[in-house]
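>>> With the sequence up front, the predicted model follows.
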Amino acid sequence: MQFRQKALSKLQSPEEFDLPVRFARPQGRLVLAVTVAVIAAATYWACTGTVSSKLSASGILTRAEGSYVLQTPIAGQVTGVLAKEGQVLAAGAPVLNVRTEQGERPVRLVTGGRLTTLVAKVGSVIAMGGDVATVERVEDPKDPLVAVLYVPGGSGSAIAVGAAVDLSVQSVPQQRFGMLRGRVTAVGRAPLTRAQIGGFLADDGLAEQFSRHGSPVAVVVRLEPSASTPSGYRWSSADGPPYAVDSRTPVTGAVHLPAQRPVDWLLP
């Protein structure tokens, strides 16, 4: 009976057609407008915007011609060391004197360069073909350094010649002096074997390190010069470190890849 009385009273009351109907509150209109604006901006950016990315790889500062291991063509006892590490020598310059059965004979450089490592010492006995020194090929001591990065083989095709590179130098505190600036000048066409890397750097340990995750591609980076810094190169800070950077110093490079569209549209 209670429900029947409510139904009868509802039928007896007039229809409320003259009351206004509120479809949305002002706050709801504001939220709707903001949502539409955000969707429109996102759609426009997806159609016309670009996304920048970087590729990180380890490498080393060196000379463009690379290095080689000097091996002795004679056997005997070292009686004299005629050069010092860091010294730039011409081709044919004597490095060691070795006492042999035929008398004392010198061990000479095959090609000119900078003596980076000297293994043999006075009094040591060396066998024929033994390693006595590491020589960095240098045609002109004033030639600038380059950075050689070893990137995974599948990533080399994404790097363009001329791309900007930010280099973190192991011997330079990055938070204080920033990063080296450079540009890609060459990208290897084929992956390198461990032997090829070792032959260029004259260091089997570095070859193993750079080929640890497979055969990489070599990317040569030219360091941007600057006459206003002590190192002679441009840094992300104003002056960079108050000293020169040396060859054979490990670096980590961030290569700026070409900008890409955030959405790839597939047309039927």
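Received it, and whenever you're ready, just let me know what you need. Keep in mind that what you see is a predicted model, and the values were worked out from it rather than measured.
>>> pLDDT wise, what is the nearest residue to residue 253 once chain neighbours are set aside at?
Among residues not flanking residue 253 along the chain, residue 149 sits closest, at 4.6 Å (C-beta to C-beta, 6 or more residues apart in numbering). For every residue, glycine as well, the C-beta is placed using N, CA and C. On pLDDT, residue 149 comes in at 96.
>>> Could you report the separation of residue 149 from residue 220?
Per C-beta to C-beta, to the nearest Å, residue 149 is found 8 Å from residue 220.
>>> When those two are compared, which one has more neighbours?
For residue 149 versus residue 220, neighbours defined as other C-beta atoms under 10 Å are more numerous around residue 149 (28 against 19).
>>> Quick one: residues contacting the more buried one.
57-59, 165, 218-219, 221, 251, 253, 255 (C-beta atoms under 8 Å, 6 or more residues apart in numbering).
>>> okay but residue 79 is in contact with residue 121, surely?
No. Using C-beta atoms under 8 Å, residue 79 makes no contact with residue 121, being 11.0 Å away.
>>> mind listing what's buried in the helix or strand the residue nearest to residue 253 falls within?
Using DSSP states H and E, residue 149 sits within strand 146-152. Buried residues in strand 146-152, defined by neighbour count with 16 or more other C-beta atoms under 10 Å: 146-151.
>>> Could you dump the residues you listed into TSV and include distance to residue 204?
Formatted as TSV, the buried residues of strand 146-152 follow (distance: C-beta to C-beta, whole Å):
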residue	distance to residue 204
146	21
147	21
148	16
149	19
150	15
151	21
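>>> ok, of these, which one's closest to residue 70?
residue 148 (21.1 Å; C-beta to C-beta).
>>> Wait, the closest one touches residue 218, no?
Yes. Look at residue 148 against residue 218 with C-beta under 8 Å: they come within range, at 5.7 Å.
>>> which residues do those two both contact?
Common neighbours of residue 148 and residue 218 (C-beta under 8 Å, 6+ apart) are residue 200.
>>> Give the partner strands of the strand holding residue 149 in its sheet and their orientations.
Here strand 146-152 is paired, per DSSP bridges, with strand 51-62 (antiparallel), strand 216-223 (antiparallel).
>>> Pick the most buried one from these.
Comparing these by mean neighbour count (mean count of other C-beta atoms under 10 Å), strand 216-223 ranks first with a mean of 22.
>>> And stretch 82-91, end to end?
14 Å (C-alpha to C-alpha, to the nearest Å).
>>> Measure how far it is from the centre of its chain, please.
Stretch 82-91 has its C-alpha centroid displaced from the chain centroid by 30 Å (C-alpha atoms, centre = their mean, to the nearest Å).
>>> re earlier: for the residue nearest to residue 253, list each beta-bridge partner.
Applying DSSP bridges, one finds that residue 149 bridges with residue 59, residue 219.
>>> That one and residue 176: what is the separation?
Taken as C-beta to C-beta, the span from residue 149 to residue 176 is 23 Å.
>>> now swap in residue 158 and tell me
32 Å.
>>> any weak-confidence spans in this protein?
1-32, 36, 38, 40-52, 259-268 (pLDDT under 70).
>>> From residue 82, how far off is the residue lying closest to residue 170 once chain neighbours are set aside?
With sequence-adjacent residues excluded and distances taken as C-beta to C-beta, 6+ apart, residue 170 is closest to residue 250, at 4.5 Å. Residue 250 is 30 Å from residue 82, where distance means C-beta to C-beta.
>>> and what of residue 195?
In terms of C-beta to C-beta, residue 195 sits 31 Å off from residue 82.
>>> Sweet, I'm off.
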